[in-house]
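Asker: one predicted model, sequence on top.
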Amino acid sequence: MYPEDRVLVAYMPTPADFSIVESEGWYRIPMSAAPKGLFAEYFAFYFGRAFGPKKWAIHAYARRTGHELITRRDLFPKEVDHPHAGDLYYKVQLGPLHYLDRPIISLHWRRVTFIHTTWDRFQSASELNDLFVDGDAYVDRAFAILKERDPEVDGLEDCS
């Protein structure tokens, strides 16, 4: 884990969806709603209202090990008649799930779909707004964005 590693915080709507992450080690994102940053090294999960007392907080994360583009029908073969069965989804494969000792909470309810951040911010955050903090102690976000566009970027070169 490096300070500049990218973390994508993704909305987790229901405990049933989270049980797939826990038991099968993957997370789905509709291609039509996929964010830039699918190549983040880590995925973290922001729990929605259905999680009761654990709602509106990040409780867990996992390393992204890969992804593939497949239909919903292939993700859920028992739901072939689902209205979105033919839609394309990213199936993001994940490594072991890690639970935070101290969840990253939202002090106020907010609609979250995806949040891009870096590992150093994620590690030090106690509240959702901390994921956006700038400062000398944190990795330059411009570098993280350049790395996202080109994973081979090791630094900035003089273009003159």
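Answerer: The structure has been received and is ready for your questions.

Asker: and the strands in the protein?
Answerer: 6-12, 26-30, 42-47, 57-71, 88-105, 114-118 (DSSP state E).

Asker: for H82, which of these is the nearest?
Answerer: strand 57-71 (10.3 Å; C-beta to C-beta). Glycine gets a C-beta too; all of them are placed from N, C-alpha and C.

Asker: mind checking which helix or strand of this structure has the lowest mean pLDDT?
Answerer: When the helices and strands of the chain are scored by mean pLDDT, DSSP states H and E, helix 141-149 comes last with a mean of 54.

Asker: sorry, back to before: turn the strands of the chain into CSV, columns for distance to K36, mean neighbour count and mean pLDDT.
Answerer: Below are the strands of the chain laid out as CSV (distance: least, C-beta to C-beta, whole Å; neighbours: other C-beta atoms under 10 Å; pLDDT from 0 to 100):
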stretch, distance to K36, mean neighbour count, mean pLDDT
strand 6-12, 10, 22, 95
strand 26-30, 12, 18, 96
strand 42-47, 14, 23, 97
strand 57-71, 14, 17, 97
strand 88-105, 12, 15, 97
strand 114-118, 8, 22, 92
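
Asker: okay, these in a markdown table with distance to L128 next?
Answerer: Listed next are those as a markdown table, based on distance: least, C-beta to C-beta, whole Å:
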| stretch | distance to L128 |
| --- | --- |
| strand 6-12 | 8 |
| strand 26-30 | 19 |
| strand 42-47 | 8 |
| strand 57-71 | 8 |
| strand 88-105 | 6 |
| strand 114-118 | 8 |
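
Asker: so which of those strands comes closest to E79?
Answerer: Among the strands of the chain, strand 57-71 sits nearest to E79 (C-beta to C-beta), with 10.9 Å.
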